[in-house]
Structure formats: C-alpha cells, structure tokens
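Engineer: Fold the following for me, if possible:
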Amino acid sequence: QVQLVESGGGSVQTGDSLRLSCAASGRTFSDYAMGWFRQAPGKEYEFVASISGGGRSTRYADSVKGRFTISRDNVENTVYLQMNSLKPEDTAVYHCTRGSSRWTIDVNDYRGQGTQVIVSS
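Structural biologist: As a prediction, the model looks like this:
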C-alpha cells in the first residue's frame, strides 16, 4: 500500500516562501499523477496543483498560479510544491495526493496526513 509523507510546512510571514515535499513509497510512482489539495479550518478541500506521471503536464488553481510551482523527481519518488509570495489565505493543511491515473488527481484520491502552513500578515 502506498504511503505519502509530507514535510516542509511551517509558520511564515506574508510574502515569504516555503517548499513542501512529499515522499511516496512504492515502485510505480511515475505511473500516477501527483498533486496537492489543501484544507483551511472550516472549509472544504481545495485543489492546489497537480503534475502528470511523467512530469510534463501541470495544472494549478487560479488562486496560486504564478506563485506556486509543482515538480516531481521520479527517481527519488518525491513531489514538491514551491510556494512563493505566500498570503494569509494560503493558510491551510496541505495534503499530498496520488491520483488514480497518470494524468489527474481527484479530491477522493489517496492522500497523506498533511502538513500545516500558516501565513501571518
């Protein structure tokens, strides 16, 4: 069974940067799209970004376009989320997610326990 372990969260100021990492177990990492959902207190899960199995196709929520960059290393079985120009509205628990296909992720796909990001104004 796949395991996803996130790291890199923390408490920062508006305008700062963070890099989230997600290490995945298993030998078929490149067969699946990977990505991130986030959940702020009292809110639904929100799609943040995804990347295809081969890493050539990426997709972002409008709210993070131009500020966040998703990437993956299929040798190290790791996916990253570089977050720049952070805003208070980015405050949430960020969950690494493994898609059920090579191309997309869905809110119902398997996700990790999450890493907390807090952005103060």
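Engineer: And for the closest residue to residue 82 other than its chain neighbours, the neighbour number?
Structural biologist: Leaving out its chain neighbours, the residue that sits closest to residue 82 by Cβ to Cβ, 6 or more residues apart in numbering is residue 69, at 4.4 Å. Every residue, glycine included, has its C-beta placed from N, CA and C. Neighbour count of residue 69, defined by other Cβ atoms under 10 Å: 16.
Engineer: Kindly report the same for residue 61.
Structural biologist: 15.
Engineer: list the contacts for it?
Structural biologist: The contact partners of residue 61, by Cβ atoms under 8 Å, 6 or more residues apart in numbering, come to 46, 47, 48, 49.
Engineer: for residue 85, same thing?
Structural biologist: Counting by Cβ under 8 Å, 6+ apart, residue 85 makes contact with 15, 17, 67.
Engineer: and the last one, how many neighbours does it have?
Structural biologist: In this case it means residue 67. 15.
Engineer: Now do the same contact list for residue 13.
Structural biologist: By Cβ under 8 Å, 6+ apart, the neighbours of residue 13 are 119, 120, 121.
Engineer: Can you flag the buried ones in the contacts of residue 61?
Structural biologist: Burial by neighbour count, 16 or more other Cβ atoms under 10 Å: within those this picks out 47, 48, 49.
Engineer: ok, of these, which one's closest to residue 80?
Structural biologist: residue 49 (10.2 Å; Cβ to Cβ).
Engineer: Which of the helices or strands spans that closest one?
Structural biologist: If you go by DSSP states H and E, residue 49 is part of strand 45-51.
Engineer: Contacts for that strand, please.
Structural biologist: 33-40, 57-61, 64, 68, 70-72, 79, 81, 92, 94-95, 97, 99, 104-105, 107.
Engineer: picking that back up, please list only the buried members of the contacts of residue 13.
Structural biologist: residue 119.
Engineer: ok, how many other residues are close to residue 8?
Structural biologist: Residue 8 has 16 nearby residues by other Cβ under 10 Å.
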